[in-house]
Each structure stands twice: as C-alpha cells, then as structure tokens.
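Sequence unavailable; structure follows:
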C-alpha cells in the first residue's frame, strides 16, 4: 500500500506541474484581460496600465508563472485579479458546495443505480426488468437540468427549493442538505441510470459463472449468493464507473449551481472566466486536477479491497 | 391642435414611465383617452402611441393608489443575476445596487423626474458664480455610520474632496477617471464648503457626479486606503443601511443603521437581502414562491409576465437605459462609404424590430436615449428623419437608391458580431431587413461574457458590423461625446471611428453651454445630423420589466433605475 501511495505521488507531481502551466498559458490566450473586465466600456490606457502594474501583469510571463507557482507550493493560491480577495478561502467555501453536491448525487446514484441494476439482472426478461431498463434509458435521455427547469417553471405542489443562500454543512447541516438535496437528485439521475445499466450487465455476466452455480447448488439463499458471491465481483468495473461519474458530476454541477443559485466551483469558474480573473481560473483548474487525481487514487485503493489479487500484486 | 405651453412644460419634466399594455388598456384607459385628446392627438399614423402620450398616461397613473402612511419594517429580498467583484465602488462599474443602500452621492438624480438633479450630501444645488466654479455646501445633518474609522461623525468638506480626488487619481484605476478631466482642483475653504474649480466649463458636472457610482468616501480612507475587497465590516457609508454580509457569489445583506438615518421620513425597511441567482427562470420561481419581494426581469421574463401577473404580482415596465445600436466599421469597406451606412440605417424598420424582438417592449429612439425626455428629439421630429419615417417603404426606397449610387446594387455578404441575449434577439430580426438591400448578414456570437467580448471584436482588423447595447449616463456628454467624438481621447467609445467635424464642433459647444435652452438646440442638432450621416445606427431602447409583490408601496414607476429608490422610498404594507 505504501508503495502504491509513493508511486502515485511521484506520477502526480509532473501531472500537476503540466496542468498548472497549461492553465496559466491558456487563460492568457483568452481575448481581453482583467483590465477590460474591470473597466469595461470605460477602458482607458492609463487605468489599464496602472491595473497591470498593480497586478504584476506587466512582468514577463515566466516571472508571473514563477511567482504564482512558488505561492502555490507554499499554500498561497494568490489573490483575485478582479476583487483582490485571497483565492484560497474563496475556493474552499465553493469547493464544499460542489463536492457535497457531487457526493450527494453520487450517493443517490449508487443507492438507486446498483440495487436497481441487480434487480434488473436477477429478474432478466421479466416485466420488472423491462420497466426498470426503460426508466434507466429515460433518465439517461432526459437531461437533469431540463427537469430542474421544469420544476422551477411549473412548481409541482406549489413548491420551490430555497434559492441563493447557502450555509456551510459545518454550521448548519440541515440547511445545507435542504438546499442541495433537489439539485443532487437531479444531477445524480443520469449517473444512477448509467450505474444501473453497468451493474445489470456485470451481474448478468457474473451470474452465469460456474462458482455462482456452485454456490446455488450448495443450497445458499439467492440473496446470499447475490450479495456474498456475485455482487462483489460485479462491482469492480462498477467502481470504475463510480469514479468516472464522480469526476463528471463535479464538472457537471455548474448548470445546477446556476439554476439553483448555489455558490459552487462551477459557477465560480464561469464567473472567473467572464471576468478574466486569471488567478482564480488557474487555481480552479489546478483544484480540479487534484480532485481527479485523488478520486482516481481512491478508486485504486478501493479496488484492492474488492479484489485481493490486486493487494498481493 | 397645439398643446398649451403649460401642458408641454409639465410633460418635459415628467418621467416617462411606461406601463405594460395590459395595464394601459385595463386601468388607465379612460383617463388616457381624455388626456390624449387634450394633448391634441389620437396617436401616430400607424396607431402607435407617441412618447408624450405615454408619459402623460404614466404620470397620471403613477398617482393611483399606492397611497397610505409609510410604515417601518420588513426586509427587502431580491435576486440579482451577476456577481459583484469588489466592494470598492470607486474601482468598478458594478456594485451600485448595494452602495445605493449604504452611501450617498454629493448630488443625485430625482428618481421621479430623472431629468432633474437634487442634493444628497450637499445641502443644496451648488452656486455657480462663474462658469468655472461650483460651490457646494455640505448638509450639516449628514453623518457617517457608526463604524470605524468614522464612528458616526459628521460629513465634512474634506470627505467630498477626497472622494473625487480618489476617483480622479490614476492609482485608483477608476473607470470614471476620465469623467473629471476638466476639474482643475478641489478646494475646501471651510469645513462645510467644497469648491470645484474647472479648467473649462462643464454644465454636466452635476450629472456626472450623480451618475450611479461616485459615492462619498470618508477622508480617513486616503491613507491607508483600505483594500475593501470582500470584507463587509470595512465598508462604511452615510446611507441608511449598513452592509452586514457580503459574498461575491452569494450576494449581500444590509441592516438599518442603529443610530438612525440623518434624512427624516425615509428608509422604511429594516434591511435587505440580495441573493445571487443567475438564471431568470429561477428568479421567477423564487418570486412566485414568495422568496423575494421584487425582481428585475431579464431576457425571458416577458414570456412569463402573464404567469407573474396572474399570481398577483405587479409588473412595471420601463425604458432600459441601454440603447440598442449597430456599430459599423467606418474605416473598412463597405461601410467606409457613408451612403452604404445611411442605407443600412434606412433598411431597419425600428418599430417592427422591437415588436418582433421584444414583443413590443421597446421604444424607438435616436442618439439620445428615449428615456431622456429633456434631451431627446421630440417624437414628431424624429419621425421626419431618415430611418424613422412613419412609412418604412419610403425609407426602403431611399435606401435602395443609396446602395445603387454607392455601386452596391447587388448587395454584399457580411458577418455581424453579436452577443447572446437581448442584443442577439434584436440582431436576429434585423437580418431579414438588411436582406431587403440584398445585404446578407451572418450573425456570429462572440460569447456570453458581456460587453468584454464584443469590445474585443471592435478592435479587430476584420471587424465590420456588430450589435451592441451600451449604457451611458443620462446626460448629453455621456450619451453623445463618448460615442461620436472623433477625438479618441474624448470619444473613447467611438467604436466605429465615426468622424464628423460639424458634430465634433456641436458636441464641444453643447458641453460648455450652461443655458439649457441653447444647449438643447445644439443637442437636437447633433441628433439630427447623426440620423442623417450615421455613425452608430441607433434604434432606441428595449424595455425592462420589474415585478413586485402587492405589498410593495412607494415605488415610482420611472425610467431611471436606481437602487436608492427602494432603499429610501419603498415600504412594505404587510
């Protein structure tokens, strides 16, 4: 396990360095710069020059990159080029929203997707199977943000989710959950549908294996056969999909953050891009990269628990 | 039938609030008909209402029942679409929405009559002993909020001096630095007196000061200047409310100042809660669910207006301060030819464009915003100018002749840069109109990043034509000089590189003319010339709608959209 951790760290560092450079370069290729964003129609050369000087944007690119990178290494993600506030605290509060949203969505997707996939596989070709598969396809086909818009436009049962004011899960877990639960369910719908289909496919494959037939012939109950013998083996690829889903959920949260007024990373990214907030954009990109690496690493660790062969290897 | 002078003068100062068509038909029709008849017209040839008639109706309807004794209490909740990057209003062009609650101007626009300026921190409008001096007295009652570093002291002349020197200082990087280039120096002969000494006459100095962003700052902020950033506790103003919470992605909260506001009989609310909700449909859902007291409708609101009204909310329609325009590159073919530019202007059926793009929620206008009743060309004169004729076929006929004369009988292909949203809505309906001249326009979205994206395009060598809706202050210097002066130091927003010596001369003269009647003549002449020898192709302004719960009282239906109206005048009847 220790070797795995070291290996991953060694691979991650050059990856993160590359991501940091790419994000640094790409944001500076966008048309406009923070001066045009701040001054808008009132842009003038004097003010623009002063802003660039204050932000260090008139330094050579390698000086700017080095300055930012050295700050990152020390844990300082820099200051917003638009508002001047430190990026670190701003990012932390927004990261909580997006991660929780994605996590709740994933939990919902897992709680629904895997059991439904198992039931569909066990009841293959039955009416239950057809109905569940049809629902899964529908959930995949209909975008969750479309349902979100319908909920807000038509207000079923006269209800609208509370909009626009988020309280941290640490200070008010109930309020946080109340704000996130509906967008999380909508966000998790298609992920859950995808999990259903993968689980079903893997379960069907595993249920046909000899050892499952052996387990049944030994007199074990169906429930025990499924949970103890079949499911564990079927889960390995499902866990891979879970990991990919988590990454997609984090990236896909921006639409839901916009619709429900949630102050998450996705909306922050959109606003930073609009305002040409270079430092924020770089920090957000780097954060996403770290998140992807951590999630992939976690999946690999989870594999070793599911498949003892990987532990020995 | 001629209007009596008394009627006409009352119309000049009347706010041009526009009701929704439902309300016009339903509520005020009887009054409107009588009033319109008295005004001497039953409408224009094509049946649309003249601006004067609309203003007359609105001025009458504005007095209908919102009467009652204001009562204190309640929290104003409203969604806002965009984030505010910085609490330092002197450094940005955003944030006036909450600074309207926190601070005061030296002088400000009268919300019920935006052509007029009234004192705010100033005790009265300034004395102008000569054309180069403005002498203000600070209101002795004005005081700061009970927060460091001012701790509730009186506002003094040095505060005002520091404020404007801060805006002018290049180190502040204020977007409005260029508005005060004619200020030579600011003097404070005593604690209560501020004197602005000018390098050259600037009658629009008061309008510039009142224009939305130059709130008075405390002199203590001179050194060290606070970063402000996003720390609500650092922000201190002279206004009725204190900022208690600020988050650039969630919004902000305000509470009534504990020591009481120094202006009596105003500021009735306990506080305000502005939440950032980016999506208009989400905002509407929140309004219908009772989460907000009011909202400003953006793109898409018009389609839901009937739902909102059916749910019992009141919808007010007003002319957006932004003016729709088409920018042409004067330095590149084919628009280097003034005949082609005029032909394009004449091809646009402006009334029809607003009907199609915004379901009629728009007012046709020229180079001055149609909301500016004091300075815009009268409707009856505007309709004699090219591009504004009552019968569009007459304009189209002339346009074709112009294209012939320019050797463009077979038209041409061109790409038009546009922005997602209300700008694109209008540009889309203009495309078939250009086709009447065999001009094939392909729209190209430059992105939804606001003005930034389109401003970048104007500077590009391949730029030819673009749609835009700039916002400028409600005074002639802002509306005309910035967009038409060929001297780029003055015409900083002359995107198409329009050059007209006569216009430059008139702009310069009107900017120095204090006599309002004389100045109006010059301003009118500029508008006539710009219509006949176009720079930007001005169309007018789309309307914006605001929705309020029935409990809202004291809201003046006005074309001047300012946050201090709600902060100071509105109360909740619940």
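Okay, I see it. Treat the numbers as computed from the prediction; the structure is a model and nothing was measured. Numbering: from 1, shown residues only, chains lettered A, B, ... in the order given.

List the contacts of the residue of the stretch 101-250 of chain A at minimum distance from chain B.
Closest approach of the stretch 101-250 of chain A to chain B (CB to the nearest CB) occurs at residue A:164, with a separation of 3.0 Å. In short, each C-beta sits where N, CA and C put it, glycine included. When contacts are counted by CB atoms under 8 Å, 6 or more residues apart in numbering or on different chains, residue A:164 touches A:261, B:79, B:250, B:251, B:275, B:276, B:277, B:286.

That one looks like it's in a strand, true?
No. Under DSSP: H, G, I helix; E, B strand; the rest coil, residue A:164 sits outside any strand and is assigned coil.

Just the buried ones from the contacts of residue A:164?
For the contacts of residue A:164, a burial check counting by 16 or more other CB atoms under 10 Å in any protein chain shown picks out A:261, B:79, B:250, B:251, B:275, B:276, B:277, B:286.

Apart from its neighbours in sequence, what residue is nearest the fifth one?
In other words, residue B:275. residue A:164 (3.0 Å; CB to CB, 6 or more residues apart in numbering or on different chains).

Phi first, then psi, for that neighbour.
Dihedral pair for residue A:164: phi 80, psi -10, per degrees, to the nearest 10.

Could you check the pLDDT of it?
Looking at residue A:164, its pLDDT is 76.

do the same with residue A:300
pLDDT recorded at residue A:300 is 81.

quick one: which helix or strand includes it?
helix A:278-306 (DSSP states H and E).

quick one: buried residues of that helix?
Buried residues in helix A:278-306, counted by 16+ other CB under 10 Å: A:278-289, A:291-293, A:295-297, A:299-300, A:302-303.

ditto for stretch B:468-483
Here stretch B:468-483 shows B:468-483 as buried, counting by 16+ other CB under 10 Å.

Flag the shaky bits of the stretch 201-313 of chain A, pLDDT-wise.
The stretch 201-313 of chain A contains residues with pLDDT under 70 at A:307-313.

can you list the residues of it near chain B?
Counting by CB under 8 Å from any CB of the partner chain, the stretch 201-313 of chain A comes close to chain B at A:258-261, A:263, A:267-268, A:271, A:273-277.

Go through the residues you listed and flag which are in helices.
Per DSSP state H, helices hold the following members of those: A:258, A:259, A:260, A:267, A:268, A:271, A:273, A:274, A:275.

for those residues, which one is nearest residue B:429?
Ranked by distance to residue B:429 (CB to CB), those are led by residue A:274 at 26.3 Å.

Let me know whether the closest one touches residue B:452 as I believe.
Yes. Residue A:274 is in contact with residue B:452 according to CB atoms under 8 Å; the separation is 7.4 Å.

intersection of neighbour lists for the two?
Residues touching both residue A:274 and residue B:452 (CB under 8 Å, 6+ apart) are residue A:37.

For these two, indicate the residue with more neighbours.
residue B:452 (24 against 19; other CB atoms under 10 Å in any protein chain shown).

where do the helices sit along the stretch 51-200 of chain B?
Under the criterion DSSP state H, counting those that start in this stretch, the stretch 51-200 of chain B carries helices at the ranges B:51-61, B:96-102, B:157-168.

Repeat that for the stretch 1-150 of chain A.
For the stretch 1-150 of chain A, helices defined by DSSP H, counting those that start in this stretch occupy the ranges A:2-29, A:34-39, A:45-55, A:61-73, A:87-122, A:127-141, A:144-154.

Next step: the contacts of residue A:164 restricted to strands.
Residues of the contacts of residue A:164 located in strands (DSSP state E): B:79, B:251, B:275, B:276.

My read is that the first one contacts residue B:275, right?
Yes. With contact taken as CB under 8 Å, residue B:79 and residue B:275 are classed as touching, separated by 5.4 Å.

which residues are common contacts for these two?
In contact with both residue B:79 and residue B:275: A:163, A:164, A:261, using CB under 8 Å, 6+ apart.

and the residues you listed as a markdown table, adding distance to residue A:234?
Formatted as a markdown table, the shared contacts of residue B:79 and residue B:275 follow (distance: CB to CB, whole Å):
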| residue | distance to residue A:234 |
| --- | --- |
| A:163 | 40 |
| A:164 | 42 |
| A:261 | 39 |
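
If whatever residue of the stretch 151-300 of chain B ends up closest to chain A is in a bridge, with which residues?
When scored by CB to the nearest CB, the stretch 151-300 of chain B has residue B:275 as its residue closest to chain A, at 3.0 Å. Going by DSSP bridges, residue B:275 is paired in beta bridges with residue B:79, residue B:251.

List the contacts of it.
The contact partners of residue B:275, by CB under 8 Å, 6+ apart, come to A:163, A:164, A:165, A:261, B:77, B:78, B:79, B:80, B:250, B:251.

State the pLDDT value of it.
For residue B:275, the predicted pLDDT is 92.

in stretch B:238-252, what counts as buried?
For stretch B:238-252, a neighbour-count test (16+ other CB under 10 Å) marks B:238-243, B:246-252 as buried.

Quick check: mean pLDDT of it?
The average pLDDT for stretch B:238-252 rounds to 91.

still on that earlier bit, show me the two of the ones in strands among the contacts of residue A:164 that sit farthest apart.
The distance between the two most remote of those (CB to CB) is 8.2 Å, for B:79 and B:251.

what is in contact with the two at once?
Common neighbours of residue B:79 and residue B:251, using CB under 8 Å, 6+ apart, are A:164, B:274, B:275, B:276.

quick one: which of the buried ones among the contacts of residue A:164 is nearest to residue A:4?
Residue A:4 lies nearest to residue B:250 out of the buried ones among the contacts of residue A:164, by CB to CB, at 40.1 Å.

Grab the nearest non-local neighbour of the closest one.
Once flanking residues are discounted, residue B:250 sits nearest to residue A:263: 4.8 Å by CB to CB, 6+ apart.

Next up, the contacts around residue 229.
Picked chain A for this. A:211, A:212, A:215, A:220.

ah, I was thinking of chain B
Counting by CB under 8 Å, 6+ apart, residue B:229 touches A:83, A:84, A:85, B:86, B:87, B:88.

could I get these as JSON lines with neighbour count and distance to residue A:227?
Formatted as JSON lines, these follow (neighbours: other CB atoms under 10 Å in any protein chain shown; distance: CB to CB, whole Å):
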{"residue": "A:83", "neighbour count": "26", "distance to residue A:227": "53"}
{"residue": "A:84", "neighbour count": "18", "distance to residue A:227": "55"}
{"residue": "A:85", "neighbour count": "20", "distance to residue A:227": "50"}
{"residue": "B:86", "neighbour count": "21", "distance to residue A:227": "56"}
{"residue": "B:87", "neighbour count": "27", "distance to residue A:227": "57"}
{"residue": "B:88", "neighbour count": "23", "distance to residue A:227": "61"}
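
Nothing else from me, thank you.
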